[in-house]
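Novice: Here is my input, please return the structure:
(chains A and B)
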Amino acid sequence: MGELWSPIRLTLELASITTVLLMIVGTPIAWWLAWSSWRGKEIVASIIALPLVLPPTVLGFYLLIALGPNGLGGWFGDLAGVRTFAFTFEGLVFGSVIYSLPFAVQPIRNSFEAMGKRPLEVAATLRASPWDRFVSVAVPLALPGLLTGAVLGFAHTVGEFGVILMIGGNIPGETKVLSIAIYDFVETLRWREAHILSAGMLVFSFAVILSVSLLARRARNRVPA
Amino acid sequence: MRDQISIRLAGQLGQFDLKVDFAAPMHGITALFGPSGCGKTTILRSVAGLNRIPGEIRVGGETWQNERLFLPTHKRPIGYVFQEPSLFPHLSVRQNLTYGARRTKAKHAIHFDDVVELLGLAHLIDRWPTHLSGGERQRVSIGRALLSQPRLLLMDEPLSALDRMAKDEILPYFEALHSSLKIPILLVTHDISEVERLADHLVLLKSGRVQASGRLSDVLTAPDSPLATRSDFAAVLPGLVDRIDPDGIAVVKVGETEIYLLADSLSPGDSVRVRIAAGDVSIARLRAQDSSILNAVPVRVLGIEPMGVSETGLLLGLPDGAGQFRARISRRSTARLNLQEGDKVIAQIKSVSLLANR
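Specialist: Alright, predicted model coming up:
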């Protein structure tokens, strides 16, 4: 069973940490994209959206170079006392955040834009400081978008394959996540294990899509004041 | 300068060019009136700190903006009522009302229960904004602004998004607000009837410039008032109910002049404002003995100017300078009566309406 559980646990760990980081990084980016009047912001938005269309192997290739001893990974690795971040769990987290960022940023940005500036202006005239406005008005009003972003980011990280193969390899307990494990079982003709994990993924994916569409419907039903 | 609001702004907002410099008193309702696109909302938003146009804004001895300083919106002691009620949809009516109150450090001089009573909100308090009518929502948003303990209330066409019925429902609350609270109000409006009914002071705006500014009755009747040539021009005179005659006629004194009104629900001592439309006034040399017209008051002709091709506008003054109003009569009548400035004549007023019970 350890052979089955280890990749599941690793995948959930990776997806959870990635989702937390996505929210921390993605929400300010979405906020900036929603409100900035700078003309070049769509260029930034396009760069963030690149993983949507780029083949995962291409993204993985560049990430591998970036994480490797000659890239940023080597530079930061020196500080941390390791030679490289490629083929490590930390490297996977970094790659996953980049790869899943557009899935989190887009729905959050949309919900901020749908909310509009008026509620924030109203809160400002009622003595709420910028941070207070964000917490007490923007977050509750954009909550469906934030949840959708978190769910999509989590699910997308769970389903990652190409990027992981490129930058993580296949190290049990370190980088061997679900999708890689399934691939591995099929390659070694262990159909039973491949079936169990694949069926689990199927159910999980269905649950994700259902919950996102329910969240979206809740958001639509919110009658504007 | 402690008792006034002074606003001097000069700059661009997008394509719009604004250049204004005026003062309003720290009491009563000052209306910013003009056609859409005249800059009235931009001025109001600048006072709130929601727009940033170079200039100086001082309120009751405090500087909110000058060359070196720009107080952010949440540090200005204002209440702002937007055109649309803009209640927070995720908060109940009670939570909406207390949102600002919980965040203000000012002494709580305006109490929750009083505001609920004043605006008739008691039965709405535990409901959600989505379940309120337009008029109810706007009342809640006014209450929410009041409870943030503002030193200045800013209202941006608070009635224009409402239908006739909701307007009639909310106007009495405005008058109650005016008479029971000592907070100055800057009111943006494009509706002259709101100005006549509510305003004490008037700032006339056009294309980003101030055309006239001062006490309502002064601005309305000033000889060069841009309003004087409007076909719906009306003067507003402050009066005091002197007595109610046995036949139900209310006698209102404007200075020493008695004006007769058909109005119930008045009692002696009430302060009122009466509205006299220029089109409802005719002129006679002698007091008519056999006329159904109730109000025939002696006045002096202060000004005569042509209006269009066939009419004349007259500026009329009550004895002892108690007030002024206007008449619009035909040019032929002006010639036939041989009217001259300084003449003493009788103004027959076909209808006088009561605007507000102050």
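
Novice: And the residue of chain A closest to chain B?
Specialist: Distances between chain A and chain B by C-beta to the nearest C-beta are smallest at A:L126, namely 3.3 Å. Every residue, glycine included, has its C-beta placed from N, CA and C.

Novice: Roughly how far does the closest residue to that residue other than its chain neighbours sit from A:V93?
Specialist: Nearest residue to A:L126 in three dimensions, chain neighbours excluded: B:G100, at 3.3 Å (C-beta to C-beta, 6 or more residues apart in numbering or on different chains). According to C-beta to C-beta, to the nearest Å, B:G100 and A:V93 sit 42 Å apart.

Novice: Mind checking which of these two has more residues around it?
Specialist: Set B:G100 next to A:V93 and count neighbours by other C-beta atoms under 10 Å in any protein chain shown: B:G100 wins out with 26 against 18.

Novice: how about the more buried one, what does it touch?
Specialist: Contacts for B:G100 (C-beta atoms under 8 Å, 6 or more residues apart in numbering or on different chains) come out as A:T125, A:L126, A:R127, B:G79, B:R144, B:A145, B:L147, B:S148, B:Q149.

Novice: Quick check: mean pLDDT of the host helix or strand of it?
Specialist: If you go by DSSP states H and E, B:G100 is part of helix B:93-101. Here the mean pLDDT over helix B:93-101 is 95, rounded to a whole number.

Novice: Touching the helix or strand that it is followed by from outside, list them.
Specialist: As assigned by DSSP H and E, the chain's next helix or strand after helix B:93-101 is helix B:112-118. With C-beta under 8 Å, 6+ apart as the contact definition, helix B:112-118 has outside contacts at B:97-98, B:101, B:121-122, B:125, B:143, B:146-147, B:173, B:176-177, B:180.

Novice: pLDDT below threshold where in chain A?
Specialist: A:1, A:77, A:219-225 (pLDDT under 70).

Novice: ok, which residues in chain B are in contact with chain A?
Specialist: Within chain B, the positions adjacent to chain A are B:48-50, B:72-75, B:78-80, B:82, B:84-90, B:99-100, B:103-104, B:129-130, B:137, B:144-145, B:148, B:154 by C-beta under 8 Å from any C-beta of the partner chain.

Novice: Which strands or helices does the longest helix belonging to chain A pack on?
Specialist: If you go by DSSP state H, chain A has its longest helix at helix A:2-35. Judged by 3 or more C-beta pairs under 8 Å, 6 or more residues apart in numbering or on different chains; DSSP states H and E, the packing partners of helix A:2-35 are helix A:41-49, helix A:89-115, helix A:143-158, helix A:178-187, helix A:191-221.

Novice: Save those helices as a markdown table, and put in distance to A:T57 too.
Specialist: Listed next are the helices and strands packed on helix A:2-35 as a markdown table, based on distance: least, C-beta to C-beta, whole Å:
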| stretch | distance to A:T57 |
| --- | --- |
| helix A:41-49 | 18 |
| helix A:89-115 | 12 |
| helix A:143-158 | 17 |
| helix A:178-187 | 14 |
| helix A:191-221 | 21 |
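
Novice: buried set for stretch B:124-134?
Specialist: B:L124, B:W128, B:P129, B:L132, B:G134 (16 or more other C-beta atoms under 10 Å in any protein chain shown).

Novice: Among those, give me the pair with the biggest separation.
Specialist: B:W128 and B:G134 (15.0 Å; C-beta to C-beta).

Novice: So B:D245 sits against B:V251, correct?
Specialist: Yes: using C-beta atoms under 8 Å, B:D245 is in contact with B:V251, at 6.3 Å.

Novice: Which one of those two is surrounded by more residues?
Specialist: Taking other C-beta under 10 Å, B:D245 and B:V251 do not tie; B:V251 has more neighbours (17 against 10).

Novice: how many neighbours does residue 106 have?
Specialist: Unless you meant another one, I'm taking chain A. A:Q106 has 21 neighbours, counted by other C-beta under 10 Å.

Novice: actually chain B
Specialist: 13.

Novice: okay, stretch B:222-236 in CSV with CA atoms only?
Specialist: Below are the C-alpha coordinates for stretch B:222-236, written out as CSV (Å, rounded to 0.1, in the frame of the first residue of the first chain):
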residue,chain,number,x,y,z
ALA,B,222,-30.4,88.4,-8.5
PRO,B,223,-31.0,90.7,-11.6
ASP,B,224,-28.4,88.8,-13.6
SER,B,225,-29.4,85.3,-12.3
PRO,B,226,-29.0,82.7,-15.0
LEU,B,227,-32.1,81.1,-13.6
ALA,B,228,-34.3,84.2,-14.2
THR,B,229,-34.8,83.5,-17.9
ARG,B,230,-36.0,79.9,-17.3
SER,B,231,-39.7,79.5,-18.2
ASP,B,232,-40.2,77.6,-14.9
PHE,B,233,-38.6,80.2,-12.8
ALA,B,234,-39.9,80.5,-9.2
ALA,B,235,-38.9,82.5,-6.2
VAL,B,236,-38.7,81.0,-2.8
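
Novice: Residues contacting that stretch, please?
Specialist: Residues outside stretch B:222-236 that contact it (C-beta under 8 Å, 6+ apart): B:192, B:196, B:204, B:206, B:211-212, B:214, B:216-217, B:219-221, B:273-279, B:302-303, B:305, B:307, B:313, B:315, B:323-326, B:328, B:355.

Novice: mind running it again at 7 Å?
Specialist: B:192, B:196, B:204, B:211-212, B:216-217, B:219-221, B:273, B:275-278, B:303, B:307, B:313, B:315, B:324-326, B:355 (C-beta atoms under 7 Å, 6 or more residues apart in numbering or on different chains).

Novice: Quick one: buried ones out of these?
Specialist: Neighbour counting with 16+ other C-beta under 10 Å marks B:192, B:196, B:204, B:211-212, B:216-217, B:219-221, B:273, B:275-278, B:303, B:307, B:313, B:315, B:324-326, B:355 as buried within the contacts of stretch B:222-236.

Novice: didn't B:A322 look like it was pressed against B:E258?
Specialist: No: between B:A322 and B:E258 there is no contact under C-beta atoms under 7 Å: 11.2 Å.

Novice: who touches the residue in the stretch 201-350 of chain B that chain A sits nearest to in this structure?
Specialist: Closest residue of the stretch 201-350 of chain B to chain A, C-beta to the nearest C-beta: B:V203 (21.0 Å). Contact analysis of B:V203 by C-beta under 7 Å, 6+ apart lists B:F22, B:A24, B:T30, B:A31, B:L32, B:F33, B:V210, B:S213.

Novice: and B:F174, what is it in contact with?
Specialist: Neighbour list for B:F174: B:L198 [criterion: C-beta under 7 Å, 6+ apart].

Novice: coming back round to it: just checking, which of the residues of chain B next to chain A belong to strands?
Specialist: The strands, defined by DSSP state E, take in B:I78, B:G79, B:Y80, B:L154 from the residues of chain B next to chain A.

Novice: how about stretch A:108-120: buried residues?
Specialist: Using 16+ other C-beta under 10 Å as the test for burial, stretch A:108-120 gives A:I108, A:R109, A:N110, A:S111, A:F112, A:A114, A:M115, A:P119, A:L120.

Novice: Using TSV, lay out those residues together with distance to chain B.
Specialist: Below are the buried residues of stretch A:108-120 laid out as TSV (distance: C-beta to the nearest C-beta, whole Å):
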residue	distance to chain B
A:I108	17
A:R109	20
A:N110	17
A:S111	13
A:F112	15
A:A114	12
A:M115	10
A:P119	6
A:L120	10
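
Novice: re earlier: pretty sure the residue of chain A closest to chain B sits against B:S148.
Specialist: Yes: using C-beta under 7 Å, A:L126 is in contact with B:S148, at 5.1 Å.

Novice: So which of the two has more stuff around it?
Specialist: Using other C-beta under 10 Å as the criterion, A:L126 and B:S148 rank with A:L126 on top: 30 against 25.

Novice: which residues does that one contact?
Specialist: Counting by C-beta under 7 Å, 6+ apart, A:L126 has contacts B:Y99, B:G100, B:R103, B:R144, B:S148.

Novice: 6 Å instead?
Specialist: A:L126 makes contact with B:Y99, B:G100, B:S148, according to C-beta atoms under 6 Å, 6 or more residues apart in numbering or on different chains.
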